[in-house]
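S.K.: Compute the structure for the input listed below.
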Amino acid sequence: MANTSENQVIVFAVYELVEQMQVLLTMLSRLIRLLLRRRRVNNIVGSSYSMRGKIPAQVRNLTYIIGTSDNICRKNLRMNMDTFSRLCYLLQNLGGLGPTRHVSVTEQVALFLHVLSHHEKNVIIQTNYRRSGWTISKYFSRVLNAVLKLHNIMLVQPVPVDEDCEHQRWNYFQGCLGALDGTYVHVRVPLTEKPRYRNRKGNVSVNVLAVCDVNLNFVYLLTGWEGSAADSRILRDAVTRPNGLSVPIGHYYLVDNGYTNGPGFLAPYRGTRYHLIDFGVGTNTPQDFREYFNLKHSKARNAIERAFGILKSRWGILRSASYYPIKIQNRIIMACCLLHNFIRTTNDFDPEENVVAQEIIRKNPDRSYAVIQSVEPSDEWTAWRDTLAMNMYNNWLRERGM
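M.R.: Sure thing, here's the model as predicted:
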């Protein structure tokens, strides 16, 4: 009986050993198949995947964009190499943007500008910069916050038109600070909020109020209002805000017929030809002082329209709705306007390349002077506009020998 029990134990031990060997063989065969599969994939791709192997490709891509030529840098990031270096310096030293263990400041700024310039989706930037989607989203938000911190530096201080101005668009508007208008920027919002954001053209957008100076640089921005909001209502909100639009008494901005003609805001005559396409030679020349005033007003106020055109032409993300939350979309619009100013004052390729920025940190504007605190019509202001229009028309007639 003892021999029988011993034999049974030995048999069970052999069976258990065989089962373990089968498990080991199965695991070994799976490992061999996995290695063969990886070898086949590597043969197709041409190189094995590794975190260390990604670094040279990232360096080559970044060097090609920002270190090859101004033309390539401008095509990809909308600025030349010198302007890009200055922007990185400001963001790092004044905007609080710093490098991390794996991503430098230059790469953070480059991928941020790439998204704004071409409205590239996250998956496309992943391929171009060899980064994960989470990494791209993280550093996009960081650079966005750093750019907005520089608003006191990038927003310009308007300079009023003086008596010595020789610019034909502005020489009649002494004391003028620039032009003001609103523009629609398409956004993506939840279905329940679309009626509020639908503008008069039927598109879902925000109504952005912007003010620019004579050099097409933005002076003031107010974004966040729904597309259904009226321009005059947004202007009243901008003027009454604690840190809103500041218009010193005695100065003014040019506005269109969508706004009230009152102190600080000079509007054209209503019911009279205004747009440049309406004027020409012969019988299409201005027939009275109102028409001539509207013609000169339209030529000068066209500055804000040109500023909007340059802005949307430069930043592709403003030409179509993005998938960011509405709060982030509004911050992106502000960042695009700030970068517009920075490029125009430093980039050698912008139309206003002769305007060189003073690299001085501008503090908050001094509000010790008296400013306009409401947007209301005024008989006195209307009479002043009539006097200005009559003087402009009489000077024009004298120049023509009439």
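S.K.: Helix or strand next in line after the strand or helix carrying Q8, which one?
M.R.: Element membership for Q8 (DSSP states H and E) is helix 2-45. Downstream of helix 2-45, the next assigned helix or strand under DSSP H and E is helix 51-67.
S.K.: Would you mind putting the CA coordinates of that next one into PDB?
M.R.: Taking Å, rounded to 0.1, in the frame of the first residue of the first chain, the C-alpha atoms of helix 51-67 are listed here in PDB:
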ATOM      1  CA  MET A  51      11.300  58.100 -26.100                       C
ATOM      2  CA  ARG A  52      15.000  58.800 -26.700                       C
ATOM      3  CA  GLY A  53      14.500  58.400 -30.400                       C
ATOM      4  CA  LYS A  54      11.800  61.100 -30.500                       C
ATOM      5  CA  ILE A  55      14.100  63.900 -29.300                       C
ATOM      6  CA  PRO A  56      16.200  64.300 -32.400                       C
ATOM      7  CA  ALA A  57      13.100  64.600 -34.500                       C
ATOM      8  CA  GLN A  58      11.600  67.200 -32.200                       C
ATOM      9  CA  VAL A  59      14.800  69.200 -32.300                       C
ATOM     10  CA  ARG A  60      15.000  69.000 -36.100                       C
ATOM     11  CA  ASN A  61      11.400  70.100 -36.500                       C
ATOM     12  CA  LEU A  62      11.800  73.000 -34.200                       C
ATOM     13  CA  THR A  63      15.100  74.100 -35.700                       C
ATOM     14  CA  TYR A  64      13.600  74.000 -39.200                       C
ATOM     15  CA  ILE A  65      10.700  76.300 -38.200                       C
ATOM     16  CA  ILE A  66      12.500  78.900 -36.100                       C
ATOM     17  CA  GLY A  67      16.100  78.600 -37.200                       C
END
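S.K.: Just give me the residue closest to the centre of this protein.
M.R.: C336 (1.6 Å; Cα atoms, centre = their mean).
S.K.: Excluding chain neighbours, what is closest to that one?
M.R.: W315 (4.4 Å; Cβ to Cβ, 6 or more residues apart in numbering). Yep, even glycine has a C-beta here, placed from its N, CA and C like the rest.
S.K.: and if you look at G316?
M.R.: Nearest to G316 is H119, by Cβ to Cβ, 6+ apart, at 4.1 Å.
S.K.: wait, doesn't the one you found sit right on I317?
M.R.: Yes - in this structure, H119 is within contact of I317 by Cβ atoms under 8 Å, at 4.3 Å.
S.K.: And the strands in the stretch 51-200 of the chain, which stretches?
M.R.: 176-186 (DSSP state E, counting those that start in this stretch).
S.K.: Apart from its chain neighbours, what residue comes closest to L94?
M.R.: L150 is the one closest to L94 (Cβ to Cβ, 6+ apart), at 6.2 Å.
S.K.: How about S69?
M.R.: That would be M81: by Cβ to Cβ, 6+ apart, it lies 7.8 Å from S69.
S.K.: which of H119 and I317 has more neighbours?
M.R.: Legend: neighbour count by other Cβ atoms under 10 Å for H119 and I317, higher for I317 (21 against 16).
S.K.: what stretches of the chain score poorly on pLDDT?
M.R.: Across the chain, the ranges flagged by pLDDT under 70 are 1-7, 9, 38-55, 276-284, 347-370, 401-402.
S.K.: What count of nearby residues applies to the residue nearest to C336?
M.R.: The criterion is other Cβ under 10 Å. On that basis, W315 has 23 neighbouring residues.
S.K.: elements contacting the helix or strand hosting R385?
M.R.: Here R385 sits within helix 379-399, counting by DSSP H and E. Under the contact criterion of 3 or more Cβ pairs under 8 Å, 6 or more residues apart in numbering; DSSP states H and E, helix 379-399 touches helix 289-314.
S.K.: Just the CA coordinates for the helix or strand that the helix it packs on is followed by, please, in CSV.
M.R.: Per DSSP H and E, helix 289-314 leads on to helix 326-346 as the next helix or strand towards the C-terminus. Extracted in CSV, the C-alpha atoms of helix 326-346 (Å, rounded to 0.1, in the frame of the first residue of the first chain):
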residue,chain,number,x,y,z
ILE,A,326,-16.3,79.8,-24.9
LYS,A,327,-14.2,81.4,-22.2
ILE,A,328,-11.0,80.1,-23.8
GLN,A,329,-12.2,81.3,-27.2
ASN,A,330,-12.6,84.8,-25.9
ARG,A,331,-9.2,84.7,-24.4
ILE,A,332,-7.8,83.5,-27.7
ILE,A,333,-9.3,86.5,-29.5
MET,A,334,-7.6,88.8,-27.1
ALA,A,335,-4.3,87.1,-27.4
CYS,A,336,-4.5,87.3,-31.2
CYS,A,337,-5.0,91.1,-31.0
LEU,A,338,-2.1,91.5,-28.6
LEU,A,339,0.2,89.5,-30.8
HIS,A,340,-1.0,91.6,-33.8
ASN,A,341,0.3,94.7,-32.1
PHE,A,342,3.6,93.0,-31.2
ILE,A,343,4.2,91.9,-34.7
ARG,A,344,3.4,95.2,-36.2
THR,A,345,5.7,97.0,-33.9
THR,A,346,8.7,94.6,-34.3
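S.K.: re earlier: I'd say the residue nearest to S69 and D70 touch.
M.R.: Yes - with contact defined as Cβ under 8 Å, M81 reaches D70; the gap is 5.6 Å.
S.K.: R131: neighbouring residues, count only.
M.R.: 21.
S.K.: Would you enumerate the residues in contact with it?
M.R.: Neighbouring residues of R131 by Cβ atoms under 8 Å, 6 or more residues apart in numbering: 58, 103, 111, 125.
S.K.: Return the members of those residues classed as buried.
M.R.: Among these, the ones that count as buried by 16 or more other Cβ atoms under 10 Å are 58, 103, 111, 125.
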